[in-house]
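**Q** 3D, please:
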Amino acid sequence: MLVIRRADNGAWELPGGVLELAEAVEDGVRREVYEETGVKVEVERLTGVYKNVARGIVALVFRCQPEGGGERVSAESTAVEWFTADEVRERVAEVYAVRMLDAVSGEGAPAVRVHDGVRVLGRRTG
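**A** This next block holds a predicted model:
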């Protein structure tokens, strides 16, 4: 799984960000991943919806496949790496690790979860 070490706090997370006002969701996914990692991706499917109840933020996570480019750091990332599921479990904070593990779980319906910014509080699928 493609991960970045964030420049602002040193944490390992999946690449992502905020959509621009007139931007289509899939275009925003491709742009954010490329900006932060140098990897061009094809968006496959939505794998999860995650709400931070402490901040009122909803994040959508999409499974993607690499289709070009090459790993490079950016102003937002100090490292770009490919982690195995075990490395994700060991090195990524719970609220971000669960998003990546949901994406590779093989379940058909997107996971729907709530968290407090640190811990996952609940899950609903389908």
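
**Q** contacts and neighbour counts: CA atoms only from here.
**A** Fine.

**Q** okay, which residue is most central for this protein?
**A** For the chain, L14 is the residue whose C-alpha lies nearest the centre (Cα atoms, centre = their mean; 3.7 Å).

**Q** wait, that one sits on A93?
**A** No: applying Cα atoms under 8 Å as the test, L14 and A93 come out as separate, 10.6 Å apart.

**Q** give me phi/psi at E20?
**A** With angles defined as degrees, to the nearest 10, E20 sits at phi -80, psi 160.

**Q** Kindly report the same for E94.
**A** phi -50, psi -50.

**Q** Any idea how many residues pack against the residue nearest to it when sequence neighbours are not counted?
**A** Computed as Cα to Cα, 6 or more residues apart in numbering, the closest residue to E94 that is not its neighbour in sequence is R119, at 6.3 Å. Burial of R119 is recorded as 14 neighbouring residues (other Cα atoms under 10 Å).

**Q** per-residue pLDDT, R119?
**A** R119 carries a pLDDT value of 86.

**Q** shouldn't it be in contact with V98?
**A** No: contact criterion Cα under 8 Å: R119 and V98 do not qualify, at 9.9 Å.

**Q** follow-up on the earlier one: who are the contact partners of the residue lying closest to the residue nearest to the centre of the chain once chain neighbours are set aside?
**A** If the residues on either side of it in the chain are set aside, L14 comes closest to V3, at 4.6 Å by Cα to Cα, 6+ apart. By Cα atoms under 8 Å, 6 or more residues apart in numbering, the contact set of V3 is W12, E13, L14, P15, V80, E81, W82, F83.

**Q** ok, V3 to L46 distance?
**A** 18 Å (Cα to Cα, to the nearest Å).

**Q** again with H115
**A** 18 Å.

**Q** Show me the strands in this structure, by range?
**A** 2-6, 12-13, 39-52, 57-69, 77-82, 111-115, 120-125 (DSSP state E).

**Q** Need the ones you listed in a markdown table (columns: distance to V33).
**A** As requested, these are exported to a markdown table (distance: least, Cα to Cα, whole Å):
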| stretch | distance to V33 |
| --- | --- |
| strand 2-6 | 9 |
| strand 12-13 | 12 |
| strand 39-52 | 7 |
| strand 57-69 | 10 |
| strand 77-82 | 11 |
| strand 111-115 | 21 |
| strand 120-125 | 24 |
